[in-house]
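Asks: Next come a sequence and a model predicted from it.
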2 protein chains.
Amino acid sequence: MKRITIYDVAKEADVSLATVSRVINDSNVVREDTRIRVQQAIEKLGYKPNAIAQGLALSKTTTISIVMSERLISYNAKILNGLMNIASTYHYNIMFHVISKGINEMSDIVESIIKSHVDGVILFNDDFTQDEMEALLVYQIPIVIVGSKIHKTDLPNVANVYVDFEKLAYDLVNSYFDKGITDISLVEDKLNMYMMNRLKQGFEKAYRDKGMEFTNYISFDDSYKNSYIYLSKFFKKNKPSQLIVSFRDSQAVAVMNSLKEAGYSIPEDSELICILNNKYLTMVRPNISAYSLPEYDMGTIAMRLLQKMLMEQNSGKPRFIEQSFSFIPRQTTK
Amino acid sequence: MKRITIYDVAKEADVSLATVSRVINDSNVVREDTRIRVQQAIEKLGYKPNAIAQGLALSKTTTISIVMSERLISYNAKILNGLMNIASTYHYNIMFHVISKGINEMSDIVESIIKSHVDGVILFNDDFTQDEMEALLVYQIPIVIVGSKIHKTDLPNVANVYVDFEKLAYDLVNSYFDKGITDISLVEDKLNMYMMNRLKQGFEKAYRDKGMEFTNYISFDDSYKNSYIYLSKFFKKNKPSQLIVSFRDSQAVAVMNSLKEAGYSIPEDSELICILNNKYLTMVRPNISAYSLPEYDMGTIAMRLLQKMLMEQNSGKPRFIEQSFSFIPRQTTK
């Protein structure tokens, strides 16, 4: 399946993409020893520059693919804005790929990306499995994964701009342990299982480290209507935990409405924290406490990182960039 | 400025793009009289197919540009999903262009679209002026404008999939006139002045038709925080209208919170309607009445319409497709 690309040649010869391009196009600004090294790499790998593509390459602009899940477009709008603003300063063309379960799978997207000869990829990993991501990673296109932390990889074409949700969850749980509170629930969000699993791992680790087991994982369907119906029944039967953590605005509001309707007060009977902050959390009463993430910045950093990868592939710059988060206390926490 | 394109040739010869492409590429499935007509059009217009582009055309997939305002990505997510799902069934490549005031203007986007030789454009007109749109319309690329109704145009390359917000507003106001209610306010939304102006025109026309003047247009800054601060002060000083109409979820919630805090009851003292429906309107208490628009369908219809325009330019199919809306009464209307 693997095709030999200009990136393979650059890697083999240990030079930048620009250098390989200059050698292929007979530019005379390349040193003779470098030119020989590149030509040897081309021969060794059997790389064949396509004549038409080569002609176009001289005038063409850089094309970047953005890949995300259909269900998360509105949630990723701020990161997308950061990406697009940097892309426009570099005059990049942006190809947009959306994965819709049942209509368009990762394998279709990968085929389209490879066929279109894109120069680099930004992938939002919120909603993808490891296998789905690896379907794209095996090609040696520079790729920046934005969102949550990926398993470390030795692939030189992969970078990651992320928030460490496992650490966030671990620290959050421990800060409540410090206050003597151990009855904490985490509400599942099926819209975003990749980040959800990170959070759950953070919870489990925090409990394990204190010799306890984390058991209050509340799981149900992902639409507000169903979550709300489920939670309404749930909190009429079950006493809520002292702290309830939800991932997304709509679920936090569903928890809040369900608790109120079951006769509980927030934060007196039960505190509530939403991981992802947004404006809707300040519109409901009481305002919901949350974490602020630098979403727009994550977009700009990801696009700049990709640009650097395209320019000098073996630069040795850090490719795993962690972004910090900060807690915004509002009216649902004591 | 105007370049001669394959679309000019197709129009001049009164044939489809596919036919022109076949003639240029010496396919033998074209009838002799058609071939001659196309060749005469090519000579008359001085059209010069680019050799590289011509080579690529034989193997290249169709590329569609989507143009929207940065500020509206999250609000347009459902339409975008409709567009993307149809695009993926046609195996179209999607180029994504975002306009950010001060960073990236319509003129930059137009240049990028023309240089990239895209086959067609989908433009979300929510946030653009007539002048900005015309900067793109003068090129003869097939273009479908999605959102609100545009001024009728004779340009054969322009189509429009829209909701008639002026009519919606006109009908809404008249339905309250019929109940004897004439004290109605409209809250400005600066995020979306194109649609806002349509609504305002509908209000003004409804009042004018009854020999009255519409005066309750409430205008202020566009972020929730400012709207809320403004409205909080406003409703402490001014008695609210019997019906308040806002465009967007966040403003409807700001109106609701401000009214409650000023001691008014909804819907007893003041009814509230939000034009654009979304899930947040059912999360607040009371639930806010709104209009349901077929957003996902608008996306699919727009992409199918563009596909038809690309295939057979002079098909005579309707190019102005109005979408219906329906009122969803909830707890903020009597």
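Replies: Received, thanks. Residues are numbered from 1 along each chain as shown, chains lettered A, B, ... in the order given.
Asks: Which parts of chain A belong to which domain?
Replies: Residue ranges for each domain of chain A read A:1-49, A:165-292, as given by automatic domain parsing.
Asks: Between these, which has the poorest mean confidence score?
Replies: The minimum mean pLDDT among the domains of chain A belongs to domain A:1-49 (a mean of 77).
Asks: Is chain B within reach of that domain?
Replies: No. Judged by C-beta under 8 Å from any C-beta of the partner chain, domain A:1-49 stays clear of chain B, getting no closer than 14.4 Å. Any C-beta I mention is one placed from the backbone N, CA and C, and that applies to glycine too.
Asks: And stretch A:99-109, by the same measure?
Replies: Yes. Contact of stretch A:99-109 with chain B (C-beta under 8 Å from any C-beta) involves A:100, A:103-104, A:108.
Asks: Compare these and tell me which has the most neighbours.
Replies: Within the residues of stretch A:99-109 next to chain B, A:Asn104 tops the neighbour count with 19 neighbours, counted by other C-beta atoms under 10 Å in any protein chain shown.
Asks: Write out the residues of the stretch 51-200 of chain A neighbouring chain B.
Replies: A:52, A:55-56, A:61, A:66, A:70, A:73-75, A:77, A:80-81, A:84-85, A:88-89, A:91, A:93-98, A:100, A:103-104, A:108, A:112, A:115-116.
Asks: still on that earlier bit, from the residues of stretch A:99-109 next to chain B, which single one is nearest chain B?
Replies: Proximity of the residues of stretch A:99-109 next to chain B to chain B (C-beta to the nearest C-beta) peaks at A:Asn104, which lies at 4.3 Å.
Asks: after the helix or strand hosting A:Ala290 comes which helix or strand?
Replies: Here A:Ala290, judged by DSSP states H and E, is contained in strand A:289-292. The element immediately downstream of strand A:289-292 (helix or strand, assigned by DSSP H and E) is helix A:295-311.
Asks: Tell me which helix or strand comes right after that next one.
Replies: Per DSSP H and E, the helix or strand that comes after helix A:295-311 is strand A:320-322.
Asks: residues contacting A:Thr153?
Replies: Residues in contact with A:Thr153 (C-beta atoms under 8 Å, 6 or more residues apart in numbering or on different chains) are A:Leu137.
Asks: what's the pLDDT at it?
Replies: For A:Thr153, the pLDDT comes out at 70.
Asks: Mind checking what secondary structure it has?
Replies: What DSSP: H, G, I helix; E, B strand; the rest coil gives for A:Thr153 is coil.
Asks: neighbours around the residue found closest to A:Asp249 once you drop the neighbours it is linked to in the chain, how many?
Replies: Of all residues not flanking A:Asp249 in the chain, A:Tyr280 sits nearest, at 4.7 Å (C-beta to C-beta, 6 or more residues apart in numbering or on different chains). By other C-beta under 10 Å, 22 other residues sit near A:Tyr280.
Asks: cool, and A:Gly46?
Replies: Count around A:Gly46 with other C-beta under 10 Å applied: 8.
Asks: do A:Met193 as well
Replies: Count around A:Met193 with other C-beta under 10 Å applied: 16.
Asks: Need the winner for burial among the domains of chain A.
Replies: Of all the domains of chain A, domain A:165-292 carries the top mean neighbour count, a mean of 19, counting by mean count of other C-beta atoms under 10 Å in any protein chain shown.
Asks: now for that domain, what's the gap between its first and last residues?
Replies: In domain A:165-292, first residue to last residue: 12 Å (C-alpha to C-alpha, to the nearest Å).
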